[in-house]
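>>> here is the input, now give the coordinates:
(one chain, ligands or ions: 1)
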Amino acid sequence: MTTAEFGGKTVFISGAGRGFGKRAAELFFSQGANLVLTDFDDTMVEQALAPYENAANQVVALAGDIGNEDTSLRAVKLANDTFGALDIAINNAGIVHDQAKLDALPSSTAEKVIQVDLLGVFYAMKHQIPLMLKRHEQTGNQCNIVNLGSAAGLMGSPLLSAYAAAKHGVIGLTKSAALEYARKGIRINAVCPAFADTAMAHEAFDRSPHGPQEAERRLVAGVPMQRLATIDEVVQAILWVCSPANSFYTGQTLAIDGGLTAF
Ligand SMILES: NC(=O)c1ccc[n+]([C@@H]2O[C@H](COP(=O)([O-])OP(=O)(O)OC[C@H]3O[C@@H](n4cnc5c(N)ncnc54)[C@H](O)[C@@H]3O)[C@@H](O)[C@H]2O)c1
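Numbers count the residues shown, from 1 in each chain. The predicted structure follows:
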């Protein structure tokens, strides 16, 4: 990757206040991209904006629940009003539920996870694609959508059934949309991490009845590399997918999982 291959591109990232989203924003920005950032509420948006105090002309943000269609509408409008374009969208915001067998998982929890993790990606792409089609028509350049899937979207995940269902759904959306827009200048892919060293994973360990250390030990025991992914290992893959040099790559699920899905 060259150092400025995202120079002048407008990049949307959801869930940019922490974790993969925050780090992806930093790396795209360091390569000259304009940023449109979203997160759940004002506090998380402040966290997302904190590294860019002196770059107000290059970074904008809004707060909103990605499970509400209106948030995606507003985000795309913000990109268009501010930068007149959208080149790259990283649909990253997501939630996981506590581990539970299916019959013990509250239906309200399953509905919430599907709303945010699956419908949130549907709403996002629905509103991003028209602006990207316009961009491609005007410039001939490819646009990119990367959806955050999960290893749980590639295999059965005991005790995480609703999350796994939502992430399998994200892969169905990704592949279907990739086929629909393959000749229209939009590449659409999913990056699928196994457990990574973010607050999401550590909060889940903290809530485990086994205690955080034992929960993490049990979890990584099933990963061939026997450790969590680092944030950068996942985010570098996201940038690689979006690289203009990667121009024949679409409709794919890229597992960053220490070998987990090789079984
Ligand atoms: N960390 C992992 O182990 C792991 C593994 C596989 C997949 N993933 C996926 O990667 C993505 C990012 O995960 P992360 O580990 O960085 O998580 P994280 O919890 O550290 O960060 C997620 C961000 O999304 C935001 N968010 C959550 N719900 C939202 C909503 N309804 N509307 C708007 N913003 C919302 C949060 O406020 C947060 O800033 C998620 O889609 C997650 O499912 C994570």
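
>>> from here on, just use CA atoms for contacts and neighbour counts.
Will do.

>>> which one is residue 7 nearest to, not counting chain neighbours?
Among residues not flanking residue 7 along the chain, residue 32 sits closest, at 4.0 Å (CA to CA, 6 or more residues apart in numbering).

>>> now for the residue in the stretch 151-263 of the chain positioned nearest to the ligand, how many residues are close by?
Minimum separation of the stretch 151-263 of the chain from the ligand (CA to the nearest ligand atom) falls at residue 195, amounting to 3.3 Å. Residue 195 has 24 neighbours, counted by other CA atoms under 10 Å.

>>> number of residues surrounding the residue lying closest to it once chain neighbours are set aside?
For residue 195, ignoring the flanking residues on the chain, the nearest one in space by CA to CA, 6+ apart is residue 228 at 5.5 Å. Neighbours of residue 228 under the rule other CA under 10 Å: 20.

>>> quick check: residue 120 is in a strand.
No - counting by DSSP: H, G, I helix; E, B strand; the rest coil, residue 120 is not part of a strand but helix.

>>> adjust the sequence numbering to begin at 16 for everything that follows.
Okay, residue one is now 16; in that scheme the one you just asked about reads as residue 135.

>>> that one and residue 84 touch, don't they?
Yes - the pair residue 135 / residue 84 is scored as a contact, 7.2 Å apart, by CA atoms under 8 Å.

>>> who's in contact with the residue nearest to residue 22?
19, 21, 22, 23, 24 (CA atoms under 8 Å, 6 or more residues apart in numbering).

>>> can I have the buried ones of those residues as a PyMOL selection?
Under the burial definition 16 or more other CA atoms under 10 Å, those of those that qualify are selected in PyMOL by:
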select buried, resi 21+23+24
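
>>> got a markdown table for the contacts of residue 47, with pLDDT too?
Below are the contacts of residue 47 laid out as a markdown table (pLDDT from 0 to 100):
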| residue | pLDDT |
| --- | --- |
| 19 | 82 |
| 21 | 97 |
| 22 | 96 |
| 23 | 96 |
| 24 | 98 |
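
>>> tell me the one of the contacts of residue 47 nearest residue 225?
residue 21 (43.8 Å; CA to CA).

>>> so what's that closest one up against?
Contacts of residue 21 were listed using CA under 8 Å, 6+ apart, and they are 43, 46, 47, 48, 258.

>>> so what's the residue count around the last one?
This points to residue 258. Residue 258: 17 neighbours (other CA under 10 Å).

>>> quick one: it and residue 20 touch, right?
Yes - using CA under 8 Å, residue 258 is in contact with residue 20, at 7.2 Å.

>>> now residue 81: which helix or strand?
Assigned by DSSP states H and E, residue 81 belongs to no helix or strand.

>>> count the neighbours of it for me.
There are 27 residues near residue 81, going by other CA under 10 Å.

>>> leaving out chain neighbours, which residue sits closest to it?
Closest to residue 81 by CA to CA, 6+ apart is residue 135, at 5.2 Å.

>>> who's in contact with residue 263?
By CA under 8 Å, 6+ apart, residue 263 has no neighbours at all.

>>> which element is it on?
Assigned by DSSP H and E, residue 263 falls outside every helix and strand.

>>> quick one: pLDDT of it?
In this prediction, residue 263 carries a pLDDT score of 98.

>>> relative to residue 157, how far out is it?
10 Å (CA to CA, to the nearest Å).
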